[in-house]
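> Got a sequence here, can you build the structure:
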Amino acid sequence: MSEISTGKLYGVGVGPGDPELITLKAVKILERVHVVLVPSGKGESIAFDIAKPYIKGEVLKLEFPMTRERDILESVWDENAKKIKKLLVDGRDVAFITLGDPMIYSTYIYVIERLEGFKIETIPGVTSFSAAASKLKMPIARGNRPFAVVPAEDEKTMKKILDDFESVVLMKVSGNYDRTVDLLKAGGFKAGLIIRGGHEDEEVTFDLEKYRGKKLDYLSLIIGRKVGG
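Next up, the predicted model:
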């Protein structure tokens, strides 16, 4: 399908949290678009805090509720896609900002699925797990060995990944933390935990036991390597 003659949508990854890890290309886009879209749920928008110094145009918040109800999500994605279409049809260039990279566990993915035919360009960002590996001084992959990135929410999938891979990135660990630590220990993994990486209150540790039974921040992840791997 040919592109519709309109403004252009940019998906802009602003990095994992450290304001200095936003790319030069992201900054240039933010400085020149007409409108910056800020996905908003409960509480702060970390992506907006990072992008704010570079925004010259308008800011429009788009509500994305924190829910797993598919019907609600589908309705919200449809409604927000309509808002974006209107801006684009009016000839305005628009940036949709996301933490990390727009193509990894991002609401942006569901929005662009509804914008077929419009002009879209995605600006990659530094991922949370790349930044975490640097903080932990822990390589994720070396040589020709594979690694896996998996949400820690599905225990069956996580067990298989820990059996099949010697190097893993476990995302979204806050909702299933204690069991995740159990599985890593049983699988013979050395693992490091990053909480709110890149923020002033970040925590970096290899003492995973310390956080058992505690409520972790949503921005938490674990990188593990099998001992001897």
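
> Centroid-nearest residue for the protein?
In the chain, the C-alpha nearest the mean C-alpha coordinate belongs to Gly100, at 4.5 Å (C-alpha atoms, centre = their mean).

> What residues are bridge-paired with that one?
Gly15 (DSSP bridges).

> was I right about Val14 contacting Ser45?
No - with contact defined as C-beta atoms under 8 Å, Val14 and Ser45 do not form a contacting pair (10.5 Å). All C-beta spots, glycine's among them, are computed from the backbone N, C-alpha and C.

> Which of those two has more residues huddled nearby?
Taking other C-beta atoms under 10 Å, Val14 and Ser45 do not tie; Val14 has more neighbours (29 against 16).

> can you tell me which residues contact that one?
22, 26, 47, 50-51, 97-99, 125 (C-beta atoms under 8 Å, 6 or more residues apart in numbering).

> Which helix runs longest in this structure?
Ranked by residue count, the top helix of the chain under DSSP state H comes out as helix 70-89.

> what's that one packed up against?
Identification of packing neighbours for helix 70-89 by 3 or more C-beta pairs under 8 Å, 6 or more residues apart in numbering; DSSP states H and E yields strand 8-13, strand 58-63, strand 94-98, helix 107-112.

> how about 10 Å then?
When contacts are defined as 3 or more C-beta pairs under 10 Å, 6 or more residues apart in numbering; DSSP states H and E, helix 70-89 packs onto strand 8-13, strand 35-40, strand 58-63, strand 94-98, helix 107-112.

> I'd like those as JSON lines, with distance to Ile222 and mean neighbour count appended.
Listed next are the helices and strands packed on helix 70-89 as JSON lines, based on distance: least, C-beta to C-beta, whole Å; neighbours: other C-beta atoms under 10 Å:
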{"stretch": "strand 8-13", "distance to Ile222": "22", "mean neighbour count": "25"}
{"stretch": "strand 35-40", "distance to Ile222": "25", "mean neighbour count": "21"}
{"stretch": "strand 58-63", "distance to Ile222": "30", "mean neighbour count": "14"}
{"stretch": "strand 94-98", "distance to Ile222": "22", "mean neighbour count": "27"}
{"stretch": "helix 107-112", "distance to Ile222": "23", "mean neighbour count": "19"}
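
> Next, format those as TSV and append mean pLDDT and distance to Thr205.
Formatted as TSV, the helices and strands packed on helix 70-89 follow (pLDDT from 0 to 100; distance: least, C-beta to C-beta, whole Å):
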stretch	mean pLDDT	distance to Thr205
strand 8-13	98	26
strand 35-40	93	29
strand 58-63	92	34
strand 94-98	97	27
helix 107-112	94	29
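
> about what we covered before: so which of the contacts of Val14 comes closest to Ala132?
Closest approach to Ala132 among those (C-beta to C-beta): Leu99, at 13.1 Å.
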